[in-house]
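Colleague: I'd like to go over a predicted model; first the sequence, then the structure.
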Amino acid sequence: MNHEHSAVILDLSANGIGIIRSLTAKGINVYAFDTEKPYKIGKSRLATCSICPSPVTEEKKLLNFLINLSKKIGSKPVLYTGADDYVQFISKNRDELLNYFLFLLPDDNLVEQVLDKNKTYELAVKHNIPCPKTYVIDSKEELEEAILNVEFPCILKPVLGHEFRKKINKKAIVFDTPEQLRNDYCFYRECGQLVIQELIPGDNQCFYKVATLYNENMELLALFSLQKNHQFPAEFGTGAHIVSKRVPELIDICLPFFEEIKLKGIGMAEFKKDPRDGIYKFIEINPRFWLTHSLTGPSGIDFAYTYYLYLTNQNPEPRLNQIDGIKWIYLIRYYLTFLQKKKTSEMTFKDFYLGLQGQKEFALFAWNDPMPFFRSAWSHLVNTWKRKRKE
């Protein structure tokens, strides 16, 4: 294979680290960038890493930064990202960036729809994808109407999650009573537009994902599905312990949906299986590399490398048959989740130990690149300690 094109990664979270390790293992030259805080935690010895301007507050500077970088590198680099802010930036500036980089995103309109929770649910409903009952709230009158119709407990979710989490680092907030929701709604509304949604019962293992890589002509190049075992925080969080698992009935729902909306490039949809009726209920779509994508490598698919081969015109063979039963573990989050669940007797030390057995891929821990793991672990422990002090 020809690896003359470098790769440029905008993201130094565990997501970006996964891309770095996949590509550098193949001998590809990698440059990775992020804003100051994630850079300090995620910088890797395997890539040329540095701080870049913010895609939100320094858009023009970031555009010039990337153009100058591409000119310095030479052959058009392949551009990657695992964060919504960078997806939005790349989509908005795609005409200019395509002169200097190789990348594939869905059309602008679809990117806008899938980054906006309200529009995403409208899109799913339009295509007959089962969804939790969802109410868009723009006024106190709509809040009262939703309270009359929704069952409690319910959840409050931001329409633009990536912007909301910069102010309040939560994916969703649970409310047990109407009074609690009325009292707290205005506080959360100041951080962005919100939706109220029914709370689907079931534990972490009810969450599933299907990921795809479609080329420009909507031909399927890579397919992968997984099941969550644990997430952090335990109630509403991101993956801590995942297993590769082919879910044919969910794949049969997702592929026609993705093809109808033309989700080209990288796409990932999350669902929760409702134990009340056995139906997979739609949660979200991401038009980018997702947190646990590094599990695809040991599972025989390797999204990051397949994406590289396609964009550099090396005609990769479609990778549609995964290896099941391989674990992905974000070690510090798995440990913190264990501590939470141990208090409620949902998990024992034996469960924790058994979760570490078998073939696995660590999110951050690697002997040849240890520092992202240690810096991330320290950051998580400090943040946990700070939260406990506030309680």
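Modeller: The structure has been received and is ready for your questions.

Colleague: going forward, measure contacts between C-alpha atoms and count neighbours the same way
Modeller: Noted.

Colleague: Show the contacting residues for residue 268.
Modeller: Contact analysis of residue 268 by C-alpha atoms under 8 Å, 6 or more residues apart in numbering lists 209-212, 285-290.

Colleague: Which one of these is nearest to residue 92?
Modeller: Taking C-alpha to C-alpha as the measure, residue 92 lies nearest residue 287 of these, at 14.0 Å.

Colleague: Quick check, the closest one in contact with residue 106.
Modeller: Yes: between residue 287 and residue 106 there is a contact under C-alpha atoms under 8 Å: 7.2 Å.

Colleague: who's more crowded, the two?
Modeller: Neighbours were counted for residue 287 and for residue 106 using other C-alpha atoms under 10 Å; residue 287 has more, 26 against 20.

Colleague: Which pLDDT value does the model give that one?
Modeller: The model reports residue 287 with a pLDDT of 96.

Colleague: where do the contact lists of residue 287 and residue 106 overlap?
Modeller: What both residue 287 and residue 106 touch, as defined by C-alpha under 8 Å, 6+ apart, is the set 263, 265.

Colleague: now the contacts of residue 268 as a markdown table including distance to residue 32 and secondary structure?
Modeller: Below are the contacts of residue 268 laid out as a markdown table (distance: C-alpha to C-alpha, whole Å; DSSP: H, G, I helix; E, B strand; the rest coil):
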| residue | distance to residue 32 | secondary structure |
| --- | --- | --- |
| 209 | 26 | strand |
| 210 | 26 | strand |
| 211 | 23 | strand |
| 212 | 23 | strand |
| 285 | 24 | strand |
| 286 | 21 | strand |
| 287 | 19 | coil |
| 288 | 16 | coil |
| 289 | 15 | coil |
| 290 | 16 | coil |
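
Colleague: Now name the helix or strand holding the closest residue in space to residue 207 that isn't next to it in sequence.
Modeller: Nearest non-adjacent residue to residue 207, counting by C-alpha to C-alpha, 6 or more residues apart in numbering: residue 272, 4.4 Å away. Per DSSP states H and E, residue 272 falls inside strand 265-273.

Colleague: on that earlier part again, distance to residue 255 added to the contacts of residue 268, as JSON lines?
Modeller: As requested, these are arranged in JSON lines below (distance: C-alpha to C-alpha, whole Å):
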{"residue": "209", "distance to residue 255": "12"}
{"residue": "210", "distance to residue 255": "9"}
{"residue": "211", "distance to residue 255": "10"}
{"residue": "212", "distance to residue 255": "8"}
{"residue": "285", "distance to residue 255": "13"}
{"residue": "286", "distance to residue 255": "15"}
{"residue": "287", "distance to residue 255": "14"}
{"residue": "288", "distance to residue 255": "16"}
{"residue": "289", "distance to residue 255": "17"}
{"residue": "290", "distance to residue 255": "18"}
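
Colleague: filter these to the buried ones?
Modeller: Neighbour-count burial (16 or more other C-alpha atoms under 10 Å) applied to the contacts of residue 268 gives 209-212, 285-290.

Colleague: so where's the chain shaky on pLDDT?
Modeller: Residue ranges of the chain with pLDDT under 70: 161-162, 165-166, 169, 391.

Colleague: ok, now which residue in it is the farthest from the centroid?
Modeller: residue 141 (33.4 Å; C-alpha atoms, centre = their mean).

Colleague: quick one: contacts for the nearest residue in space to residue 363 that is not next to it in sequence?
Modeller: Closest residue in space to residue 363, ignoring its immediate chain neighbours: residue 330 at 4.8 Å, by C-alpha to C-alpha, 6+ apart. Residue 330 makes contact with 239-241, 362-364, according to C-alpha under 8 Å, 6+ apart.

Colleague: circling back to that earlier point, run a quick neighbour tally on the residue nearest to residue 207.
Modeller: Neighbour tally, residue 272, other C-alpha under 10 Å: 25.

Colleague: That one and residue 4: what is the separation?
Modeller: 41 Å (C-alpha to C-alpha, to the nearest Å).

Colleague: Tell me which residues are up against the longest helix seen in the chain.
Modeller: Counting residues, the longest helix found in the chain (DSSP state H) is helix 371-390. By C-alpha under 8 Å, 6+ apart, the residues outside helix 371-390 that reach it are 41-44, 332-333, 364-366.

Colleague: Make a ChimeraX selection of whichever of the residues you listed turn out to be buried.
Modeller: Restricted to buried positions by 16+ other C-alpha under 10 Å, the ChimeraX selection for the contacts of helix 371-390 reads:
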select :41,42,43,44,332,333,364,365
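
Colleague: mind listing which of the contacts of helix 371-390 are in helices?
Modeller: Reading helices off those with DSSP H, I get 41-42, 332-333.

Colleague: Give me the three-state assignment for residue 50.
Modeller: strand (DSSP: H, G, I helix; E, B strand; the rest coil).

Colleague: Give me the neighbour count for the nearest residue to it once chain neighbours are set aside.
Modeller: Of all residues not flanking residue 50 in the chain, residue 33 sits nearest, at 5.2 Å (C-alpha to C-alpha, 6+ apart). Neighbourhood size, residue 33 [other C-alpha under 10 Å]: 23.

Colleague: One more: the one 3 residues further on?
Modeller: Taking other C-alpha under 10 Å as the criterion, the count of residues near residue 36 is 14.

Colleague: for it, what are its contacts?
Modeller: Applying C-alpha under 8 Å, 6+ apart to residue 36 gives the contacts 51-52.

Colleague: Can you give me the distance of residue 120 to residue 92?
Modeller: Taking C-alpha to C-alpha as the measure, residue 120 falls 19 Å from residue 92.
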